[in-house]
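Peer 1: Got a predicted structure plus its sequence, pasted below:
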Amino acid sequence: MRILITGICGFVGSTLARELIAAGHQVTGFDNFIRSGSETNRAPLEKLGAKIITADLRDARAMDALPAADFVVDAAANPSVLAGVDGKTSSRELVDHNLTGTINVLEYCKAHKAGFILLSTSRVYSIPPLATLPTVVRDDALAPDATKPLPAGLTAAGLDESFATQAPVSLYGATKLASEAMALEYGETFGFPVFVNRCGVMAGAGQFGRADQGIFAYWINAWLRKRPLKYLGFGGHGHQVRDCLHPRDLLPVLEKQFAAPTLAAADRLANFSGGAASAMSLKQLSEWCAQRFGPHTVVQDGTPRPFDIGWMVLDHAKATRLWNWHPATATPTVLEEIARHAEQNPGWLELSAPR
């Protein structure tokens, strides 16, 4: 099958490209290479047989000129929840990239009758009920307090797809939520298959060493290099929790989605994550790093950050029911993969630092 990947030289795009090529698919992709470090993925992917095009999804003419494909996997986005408010990216740039760019790709799918798979995010879920979630601390990690009422759609297994998505979700989350809605509408209106895969925190070797692009990779690389690290917010204890998913674990479901264009609309959106079994706090990650690399001091800084959430875990039960999908790579395996890559690439933090 002919697959087009947006953001092919990012961490997720390049990982999926390698897996899809190995599975026998013809892979073409484009990237604007604005992310530091992304250029390093170009030559290895081309060596494997991928066709790489330099293009920006915000450029409608460039999208119109792309070769035809059977399915598009959309892995291009500004991934930072602070985008548009941190002074590094304007709100207009964020919307142009994450929403207008998606619409340009959907127009491409409309023209070519290509299927569309949007890799969305856990940050489409509403912040207030998560920010006020009753929690307890167990083993240096926050967990929902089951003795108190919990928001609808949330259990100890995580947030399911029925959890609230009302604003505020951050500007970043809003662009992804709007992209989800537009993708599903385009598919229904113009008759091409669309799937929305809401993903938990992605992690693995080769992920860029930036906190806004992957906290697991950043933390491990920074710990190994003895760079300054801080526990921000939540009392400065590092108890905040995230799940962990290796993007290669998405390959089985992508291949099933390529072959299943007739699903009901309600079944076109699902969570994909490592789930509660993969979840880890920053303090627990530090303990893993200390055992792997030796001790390092982490500064306790209780200063809160905008849009921060203490416990964010996605429940992938719907994906398991619909697709018989399960995450295949355990968190310790993901962490060890990142650690080995960090040891083999001593300049990774500099390579992937913002320009």
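Peer 2: Yes, it's here. Residues are numbered from 1 along each chain as shown.

Peer 1: could you list every residue that touches Leu269?
Peer 2: Contact partners of Leu269, counting by CB atoms under 8 Å, 6 or more residues apart in numbering, are Glu161, Glu180, Leu184, Phe195, Val196, Arg198. C-beta here means a position set from N, CA and C on the backbone, and glycine is covered the same way.

Peer 1: To clarify, my last question referred to Ala290.
Peer 2: His296.

Peer 1: Remind me which helix or strand it belongs to.
Peer 2: helix 282-293 (DSSP states H and E).

Peer 1: so how far is that helix from its chain's centroid?
Peer 2: Centroid separation for helix 282-293 versus its chain: 22 Å, with CA atoms, centre = their mean, to the nearest Å.

Peer 1: Quote the end-to-end distance of stretch 7-16.
Peer 2: Terminal residues of stretch 7-16 are spaced 11 Å apart (CA to CA, to the nearest Å).

Peer 1: Quick check: buried residues in that stretch?
Peer 2: Within stretch 7-16, the residues scored as buried using 16 or more other CB atoms under 10 Å are Gly7, Ile8, Cys9, Gly10, Phe11, Val12, Gly13, Ser14, Thr15, Leu16.

Peer 1: Which helix in this protein has the most residues?
Peer 2: helix 170-190 (DSSP state H).

Peer 1: Does anything pack onto the helix or strand just after that helix? Which helices or strands?
Peer 2: As assigned by DSSP H and E, the chain's next helix or strand after helix 170-190 is strand 194-199. With contacts taken as 3 or more CB pairs under 8 Å, 6 or more residues apart in numbering; DSSP states H and E, strand 194-199 sits against strand 115-121, helix 170-190, strand 269-272.

Peer 1: one more time with 10 Å, if that's ok
Peer 2: If contacts are counted by 3 or more CB pairs under 10 Å, 6 or more residues apart in numbering; DSSP states H and E, strand 194-199 sits against strand 71-74, strand 115-121, helix 170-190, helix 251-258, strand 269-272, helix 317-323.

Peer 1: Give me the distance between the residue of the chain most remote from its centre and Ser281.
Peer 2: For the chain, the largest distance from the centre (CA atoms, centre = their mean) belongs to Thr147, which lies 31.4 Å off. Using CB to CB, to the nearest Å, we find Thr147 at a distance of 20 Å from Ser281.

Peer 1: burial count for Asp64?
Peer 2: 11 (other CB atoms under 10 Å).

Peer 1: contacting residues around Ile309?
Peer 2: Listed by CB atoms under 10 Å, 6 or more residues apart in numbering, the contact set of Ile309 reads 81, 122-123, 125, 127, 130-131, 133, 142, 233-234, 240-242.
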